[in-house]
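>>> sequence first, then the predicted structure, then my questions.
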Amino acid sequence: MAAAAEQRRLATVVEGWLGRPVLVIGDAMLDDWRFAESDRLCREAPAPVLTLRRRISAAGGAANTAVNVAALGGRAVLVAPVGADVAGDELHDCLDRAGVWDRTVNQPGRPTPVKRRMLAGNQILLREDSGDPDDALDDDGVARLLTALDCATEELRAAAGGEAPTLVVCDYGLGALPAPVRAWLVAQRERYATVALDAHDLADWRGLAPTVVTPSFAEATRLLARAAGTRPAHATELHLDHPDGDPADGPSELTVGAAPGGLGPLHGIRHPDVTGLTGNAGGLPGTHPAGNAGGLPGTGPAGGGTGPTGHGAGPVRGGVGPTGEPTPGEGRVAMTGDGLTVTGTGVTVNATAGEGVDRAVLAESRLAELRAHTGADVVAVTLDTEGAVVGGADGEPRRSHSTPVPASHAVGAGDAYLAAMTLALAADAPLPTAAQLAQLAATITVSDTGTCVCRREDLLAALDVPVDGAGHRSLVGADELAALVAEHRRAGRSIVFTNGCFDVLHRGHVRYLEQARALGDLLVVAVNSDGSVRRLKGPDRPVNPVEDRIALLAALACVDHVVVFEEDSPAGLIETVRPDVYVKGGDYPPEMVPEGPLVRRLGGQVRTLGYVPDRSTSAIIDRIRSHGQEPQGDSSLTSKPS
């Protein structure tokens, strides 16, 4: 019972974010998947000969985050620079199919970033990336992007009846968010109720005061390492600025047991016998278009020193380790004799020592610092296939877990995580609930190769909640019905409403409901509670409890939503739904329907539908009772002689 109640509580949050306005801005790209077959090597080199069988295009980066927001039931708008090229056209098509409001800005001469993957047997053989962060937006491009941002913000606010929209920033270092755009977003922060930030370089966003940040383990590493490495001796606050050429942010090697400036060994990290352990590749699969490697720097008490700490998703042996990749701003990823080394903007992290240290434990120990450095209310450090660690203002870390999958299954899973986390927090869900739903959304998307998208119906199905063919939960509460109806109305759907006891579901009910559904785009069925049925039908009714009655109705293809009401009249629900058509069963004219005047006052029409002859609950119950009263002895003893 407790598990079922928890699932219903989570499902209520998913319903609560339906239609939530979300503006996504950042680096949009196209994911190009090419599936091939290979059964021989070419003569020129020991390389497979590939025969292309199938090609799939999908939204990537910020565009995939917007697609996930829309798929989960939010109202997603994407603002991003997109090239005036074939890849850009394909990206527009992906957004249209997903129902994302496409407010991207064409940038002639600046190509759309593309990640092309070639696979054989679900194994990625190679990836070709196009799109250079050095292809900066010109002044006109920046001006048009800012105009699109301002217009999209007001468009969302108007569509939501004046409600402040949610903002999601996806900064993957590909040039979509230059300094003027970052400054505009910081200055306009008060226009957005909830702000989520996913950035390769979190230091660029100091001042945004986001609601939530979702760094990978490596991105958290870089932020803490830079903060430790650039702290002036006299400063009381961390200096996180890092302009090009700043000597204070130049190359610095974070090596075992040492820190920039010759600070002492690591102390105070739950592993007192370990000094300066190092980290490995981090990040929930697909959290970012480019995975990263890194270790979480450890800071001890005052004067205690700093050293990179952490462990990897798996040991690194003989120079073979995780296939992480640098962010665009990093110099290189190099294989060294002792493992994978990432050389980046002022930080080099070795990935071999300290293989046995738990990254989750290390992340938990640094959540408060990460919150302080980012200014975020919530920090969610993603840990690749190990799940995530989430911390909020209460200082209580929350741990979630995932299931290891092939890397080709996990591309974009972090976009699903970010979308669900953002929607849950925007819907005022408690942090533990938001963390649960975000991890669940990321986990259920990784069943196959391709760019991950979590659909609302899949999330509800994972919670064992019935959904209809359009992805809407069939069984809803009265308090949820208004939001659902508003979303349907915004989509231009006409709503049919009917009510009844539906005690013993029979052929007459089914035909009646099918006819009612044919009068509009969706059908809402209100069902009398058990107490209400007893008051209307007598103490021996209902025959079936309300849980059984609504479950059967929800299973019918013609029924979109089922709601229970306690009152003797559905007048309150009628005022909530304001149906376009109100349907009542019976042979009397619409003018005699008690709810008719209310429906017509609200702008709807009333229709009556006759029952199927000899098909009624009362008739079925009477037949059952009469059958139970028949003599149970040998019929041959009472039969008349012929």
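Looks like it came in fine. Quantities reported herein were computed from a predicted structural model and do not represent experimental measurements.
>>> stretch 115-135: end-to-end distance?
16 Å (Cα to Cα, to the nearest Å).
>>> that stretch: how far from the chain's middle?
24 Å (Cα atoms, centre = their mean, to the nearest Å).
>>> what does it rub up against?
Stretch 115-135 has contacts (Cβ atoms under 8 Å, 6 or more residues apart in numbering) with 29-38, 48, 50, 60, 87, 110-114, 173-175, 289, 328-329, 406-408, 411, 449. All C-beta atoms are positioned from the backbone trio N, CA, C, and that covers glycine.
>>> pull out the buried residues from it.
For stretch 115-135, burial by neighbour count (16 or more other Cβ atoms under 10 Å) applies to Lys115, Arg116, Arg117, Met118, Leu119, Ala120, Ile124, Asp129, Ser130, Gly131.
>>> list the buried residues of the helix or strand containing Ile25.
Assigned by DSSP states H and E, Ile25 belongs to strand 21-26. Going by neighbour count (16+ other Cβ under 10 Å), the buried part of strand 21-26 is Pro21, Val22, Leu23, Val24, Ile25, Gly26.
>>> elements contacting that strand?
On a contact count with 3 or more Cβ pairs under 8 Å, 6 or more residues apart in numbering; DSSP states H and E, strand 21-26 meets helix 62-71, strand 75-79, helix 139-159, strand 166-171, helix 413-426.
>>> quick one: mean pLDDT for the helix or strand following the last one?
Tracing the chain past helix 413-426, the next element assigned as helix or strand by DSSP H and E is helix 431-443. Across helix 431-443, pLDDT averages out at 92.
>>> ok, then the element right after helix 431-443?
Taking DSSP H and E as the definition, the helix or strand right after helix 431-443 is helix 456-462.
>>> ok now that next one, how far from the chain's centre?
11 Å.
>>> do stretch 557-575 as well
For stretch 557-575, the distance to the chain centre is 30 Å (Cα atoms, centre = their mean).
>>> now swap in stretch 373-393 and tell me
That offset, for stretch 373-393, works out to 15 Å (Cα atoms, centre = their mean).
>>> buried residues of it, list them for me.
For stretch 373-393, by 16+ other Cβ under 10 Å, it's 373-374, 376-392.
>>> mind checking the end-to-end distance for that stretch?
14 Å.
>>> partners of the strand holding Ile25, with directions?
Note on strand 21-26: by DSSP bridges, its sheet partners are strand 75-79 (parallel), strand 166-171 (parallel).
>>> after it comes which helix or strand?
Next along the chain after strand 21-26, with elements defined by DSSP H and E, is strand 28-37.
>>> buried set for that following strand?
For strand 28-37, by 16+ other Cβ under 10 Å, it's Ala28, Met29, Leu30, Asp31, Asp32, Trp33, Arg34, Phe35, Ala36.
>>> can you list the weak-confidence ranges in the stretch 301-450 of the chain?
301-357, 408 (pLDDT under 70).
>>> which parts of it are strands?
306-309, 332-336, 339-343, 348-350, 378-382, 388-391, 398-400 (DSSP state E, counting those that start in this stretch).
>>> could you pull out the helices for the stretch 151-300 of the chain?
179-187, 217-229 (DSSP state H, counting those that start in this stretch).
>>> could you dump those into JSON lines with distance to Glu575, mean neighbour count and mean pLDDT added?
Listed next are those as JSON lines, based on distance: least, Cβ to Cβ, whole Å; neighbours: other Cβ atoms under 10 Å; pLDDT from 0 to 100:
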{"stretch": "helix 179-187", "distance to Glu575": "41", "mean neighbour count": "15", "mean pLDDT": "95"}
{"stretch": "helix 217-229", "distance to Glu575": "50", "mean neighbour count": "28", "mean pLDDT": "83"}
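>>> okay, the ones you listed in JSON lines with distance to Leu522 next?
Converted to JSON lines, the helices of the stretch 151-300 of the chain look like this (distance: least, Cβ to Cβ, whole Å):
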{"stretch": "helix 179-187", "distance to Leu522": "38"}
{"stretch": "helix 217-229", "distance to Leu522": "43"}
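>>> closest to Arg55 out of the ones you listed?
Smallest distance to Arg55 across the helices of the stretch 151-300 of the chain (Cβ to Cβ): 31.2 Å, for helix 217-229.
>>> tell me what the closest one is packed against?
strand 281-282, strand 292-293, strand 296-299, strand 306-309, strand 348-350, helix 359-365, helix 367-374, strand 378-382.
>>> one more time with 7 Å
strand 292-293, strand 296-299, strand 306-309, helix 359-365, helix 367-374 (3 or more Cβ pairs under 7 Å, 6 or more residues apart in numbering; DSSP states H and E).
>>> where's it relative to the chain centroid, distance-wise?
26 Å.
>>> tell me the angle it makes with helix 367-374.
70 degrees (axes from the mean of the first three to the mean of the last three Cα atoms, to 10 degrees).
>>> so which of the buried residues of strand 28-37 comes closest to Val105?
So of those, ranked by how close each gets to Val105 (Cβ to Cβ), first place is Ala28, at 10.2 Å.
>>> name whatever forms a beta bridge with Lys115.
Bridge pairing for Lys115 - DSSP bridges - gives Asp31, Asp129.
>>> how close does it get to Ile124?
11 Å (Cβ to Cβ, to the nearest Å).
>>> coming back round to it: now the buried residues of strand 28-37 in JSON lines, with pLDDT?
Below are these laid out as JSON lines (pLDDT from 0 to 100):
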{"residue": "Ala28", "pLDDT": "94"}
{"residue": "Met29", "pLDDT": "93"}
{"residue": "Leu30", "pLDDT": "93"}
{"residue": "Asp31", "pLDDT": "91"}
{"residue": "Asp32", "pLDDT": "90"}
{"residue": "Trp33", "pLDDT": "87"}
{"residue": "Arg34", "pLDDT": "89"}
{"residue": "Phe35", "pLDDT": "86"}
{"residue": "Ala36", "pLDDT": "86"}
